[in-house]
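Asks: Need a 3D model of the following:
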Amino acid sequence: MEGGFLTEMPKGLEIDRSLGARNQPVVEAVGSGSFGCSHYRRNCKIRAPCCNEVFDCRHCHNEAKNSIDTKPDDRHDVPRHEVKKIICSRCGTEQDVQQNCINCGVCMGKYFCAKCKFFDDDNWRQGELFPLQEM
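Replies: So this is what the prediction gives:
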C-alpha cells in the first residue's frame, strides 16, 4: 500500500485513505494526480489544432513551440478555444473534448470547462478561482 492507496481495487478505482465525509475513504478514479504536467494535474492530453501535435497542456505546447530552439517563423501559441480533440492518459483513446473518457470512463479533470477546454484536478485552484466566502 504505497502512498496511501490500495493496490487491489477493481480496474479504474482506488481508495484514497484520507477520510472524506462521514469518516469514509474517498473513492477516486485511478490516475487522479498521477498524470498531467508541471502546469496541471489531469488525465488527458490535448491535440493542438494549429500543428496537430499532442501536448500535456497549452502551456507545454507554447513553451515547446516558442523555445529558442524553434525557428522564428515556426513559433506560435495554441488557440486553446479551438482545441477539439483530447487523448485519455489512462487508455490512450483520442476523442472530442469532454470530462469523462468515452472508453475507460476516467474523469479527465474534476474541474472542467468545455468552453475553455480546461481540465484540472487541483482542488486549490477551484478555491483560487472561486474563493469560499466566510459566513
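Asks: What ranges does the chain have for its helices?
Replies: With helices called from DSSP state H, the chain shows them at 58-65, 123-129.
Asks: what sits up against the longest one?
Replies: Okay, so that is helix 58-65. Residues outside helix 58-65 that contact it (CB atoms under 8 Å, 6 or more residues apart in numbering) are 37, 39, 46, 48, 51, 53, 55, 70, 74-78, 80, 83. (C-beta placed from N, C-alpha, C; glycine too.)
Asks: Kindly report the same for stretch 68-75.
Replies: Contacts for stretch 68-75 (CB under 8 Å, 6+ apart): 64-66.
Asks: Ok, stretch 38-55 next?
Replies: 29, 31-36, 56-61, 64-65, 76-79, 82-90, 94, 101, 106-109, 117, 119-122.
Asks: Now it: average pLDDT?
Replies: On average, the pLDDT along stretch 38-55 is 94.
Asks: In it, which residues are buried?
Replies: Across stretch 38-55, burial judged by 16 or more other CB atoms under 10 Å covers 40-48, 55.
Asks: Any chance of the residues you listed in TSV with distance to Cys113 as columns?
Replies: TSV is the format used below for the buried residues of stretch 38-55 (distance: CB to CB, whole Å):
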residue	distance to Cys113
Tyr40	12
Arg41	16
Arg42	12
Asn43	16
Cys44	13
Lys45	17
Ile46	14
Arg47	18
Ala48	18
Phe55	18
